[in-house]
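Trainee: Sequence plus the predicted model coming up.
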Amino acid sequence: MTPKPPEFQVIATDVDGTLLDSNKMVAPFTRYELQRLTREFGLKVILVSTRMPSSLARVQAELGVGGPVIAYNGALVSDPVQGQLMQSVPLDDDVAWRLIEALLGHAIHVGVFSHERWFVSDLTTGRCEKHVERAYGRMTPDCGRRSASRSCRCIR
């Protein structure tokens, strides 16, 4: 008997802590089922995350799926594999830097995504170090204007 197709056409899923486990890996069963649903029923898988598009493209590659992603908590919708920007609601770099500078004086950990760059105020926090190691692999001390002269570092 042929399985009945689902009544929906899209699976939109969060990434960290939902699709990915604590080791930032997709469980084999989850990968198999998502690939099966896309293959057998033509379902689309849309990744939704605070992450940047290039990081979501790596998850798409691991899953063997393509198509649009929703990045930066909805501020950007793109197809990272095709390089297509579909929707973007960015903060101007100057506005982002003013926010960073205002927050740094209040002992608040700052993390800001700008395009494909991630600026943080403290690289020594355990969460940041683990995230960098697992998701990005390397740091660049001067990844954009102002970063070398400020207390922020860029991680890419």
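Mentor: Yes, it's here.
Trainee: can you count the residues close to the residue lying closest to residue 45 once chain neighbours are set aside?
Mentor: For residue 45, ignoring the flanking residues on the chain, the nearest one in space by Cβ to Cβ, 6 or more residues apart in numbering is residue 65 at 4.5 Å. Where C-beta positions appear, they are placed from N, C-alpha and C, glycine not excepted. Counted by other Cβ atoms under 10 Å, the residues lying close to residue 65 total 20.
Trainee: Can you name the residues that contact residue 65?
Mentor: 34, 35, 38, 45 (Cβ atoms under 8 Å, 6 or more residues apart in numbering).
Trainee: mind giving me the domain ranges of this structure?
Mentor: As given by automatic domain parsing, the domain ranges for the chain are 10-88, 93-155.
Trainee: okay, those domains in CSV with distance to residue 4 next?
Mentor: Shown next, in CSV, are the domains of the chain (distance: least, Cβ to Cβ, whole Å):
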stretch, distance to residue 4
domain 10-88, 10
domain 93-155, 38
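Trainee: got those domains as TSV, with mean pLDDT columns?
Mentor: Formatted as TSV, the domains of the chain follow (pLDDT from 0 to 100):
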stretch	mean pLDDT
domain 10-88	90
domain 93-155	58
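Trainee: Which among these is found nearest to residue 2?
Mentor: Smallest distance to residue 2 across the domains of the chain (Cβ to Cβ): 9.3 Å, for domain 10-88.
Trainee: Endpoints of that closest one, how far apart?
Mentor: End-to-end distance for domain 10-88, by Cα to Cα, to the nearest Å: 21 Å.
Trainee: what does stretch 19-29 give?
Mentor: Per Cα to Cα, stretch 19-29 runs 11 Å from first to last residue.
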